[in-house]
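J.: Please find the sequence and the predicted model below.
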Amino acid sequence: MLGINEFEIYQGNSTDTLHSNYVYKYSLPFERVHDKVGWTIFFQRHWHHSITVSVLYYAFVRLVQHLMRDRPPFSLRSPLLLWNASLALFSFVGTFRFSEDFLHNLSTNGLTYSLCHSCNPDSVAAFWSLLFAVSKFVELGDTLFIVLRKRPLIFLHYYHHVAVLVYTVHSGTEHTAPGQAFISMNFVAHSVMYTYYALTVYGLKLPRWVSMSVTVIQTTQMFLGVAVSSFVLKLKMMDRIRCQQSTANLYLAFTIYITFAVLFVQFFVNAYLRKEKEKKKIH
């Protein structure tokens, strides 16, 4: 069906890709990837430029930090509110529109099928997976707001943005099946995260447990990513089940999700548990 290359991931399958044939009950006229082969080839030829973009992104962030060193911070309240609200809305819509394919196969065909077969390349999910990849470039703008407002920029922030960008684009080269679970989880987490950011920028004073809950959701996502990757590794290596994910992409997923899990746990401890202990010592 998608005779596009000689990658190992496509060889030996009954079709060129292992994918579901789920058809959405309804779709909007624009919710379709009209040149699926062209887009796939584009990702395969240019995925490494996600690394180039990441390097330029980091250099640009450092440059802006240097330029802002002796300048007062910008407020940017209205643009930041619009930014966060827009990304929250995008993530909410993406959650419901993208996840239908994955959840249908999960409930109908089981976990193994769902994690080894990518979404229907002619479906609504394929369109939203492409938008998801594009959104990872857009979300780099989060960092610009941080440095222009002269807020603390931690390693976890830019590492998270860069790692997700590179992995998402790399996954697009092979229509990685477990990516359905990863995208669904990311949409859910970002729906909550950007909504929280929008509310705080708007000026709402939310209780401490809300920010803690957002971090817990993000951290849980990372551990689930490790669990999904572990399950797929078992299917490929022990059960010898063909899955629409290359070994290279699987190891990349492991590396990213394990480091994310460690960094998010570390962030949670430093941001909430240690601060709580320090407060008790003061009192």
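T.: That came through, no problem.
J.: I'd say residue 115 and residue 232 touch.
T.: Yes: assessed by C-beta atoms under 8 Å, residue 115 is found in contact with residue 232 at 5.6 Å. Where you see a C-beta, it was placed from the backbone N, CA and C, and this is true even at glycine.
J.: any shared contact partners between those two?
T.: Counting by C-beta atoms under 8 Å, 6 or more residues apart in numbering, the contacts common to residue 115 and residue 232 are 178, 243.
J.: what residue is smack in the middle of the chain?
T.: Nearest to the mean C-alpha position of the chain, counting by C-alpha atoms, centre = their mean, stands residue 186 at 4.8 Å.
J.: Return the distance of it relative to residue 26.
T.: 24 Å (C-beta to C-beta, to the nearest Å).
J.: Please apply the same query to residue 176.
T.: Separation of residue 176 from residue 26 (C-beta to C-beta) stands at 26 Å.
J.: Tell me which of the two has more neighbours.
T.: Higher neighbour count among residue 176 and residue 26: residue 176, with 27 against 6, using other C-beta atoms under 10 Å.
J.: Excluding chain neighbours, what is closest to the more buried one?
T.: residue 245 (4.8 Å; C-beta to C-beta, 6 or more residues apart in numbering).
J.: tell me the SS of the one you found?
T.: Secondary structure for residue 245, judged by DSSP: H, G, I helix; E, B strand; the rest coil, is coil.
J.: What segments of this structure are helices?
T.: Taking DSSP state H as the test, the helices found in the chain are 36-46, 49-67, 77-109, 111-116, 124-138, 141-148, 155-172, 179-202, 208-237, 247-268, 274-282.
J.: Mean pLDDT added to these, as TSV?
T.: Output for the helices of the chain, formatted as TSV (pLDDT from 0 to 100):
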stretch	mean pLDDT
helix 36-46	92
helix 49-67	97
helix 77-109	97
helix 111-116	97
helix 124-138	98
helix 141-148	98
helix 155-172	97
helix 179-202	98
helix 208-237	97
helix 247-268	97
helix 274-282	60
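J.: Out of these, which is closest to residue 18?
T.: Taking C-beta to C-beta, helix 111-116 is the member of the helices of the chain nearest to residue 18, at 6.1 Å.
J.: Report the buried residues of the closest one.
T.: Across helix 111-116, burial judged by 16 or more other C-beta atoms under 10 Å covers 113, 114, 115, 116.
J.: of all those residues, which comes closest to residue 36?
T.: Distances from residue 36 to those, taken as C-beta to C-beta, are shortest for residue 116 (19.6 Å).
J.: Can you get me a residue count around residue 160?
T.: Neighbour tally, residue 160, other C-beta under 10 Å: 20.
J.: Name all residues that make contact with it.
T.: 260, 263.
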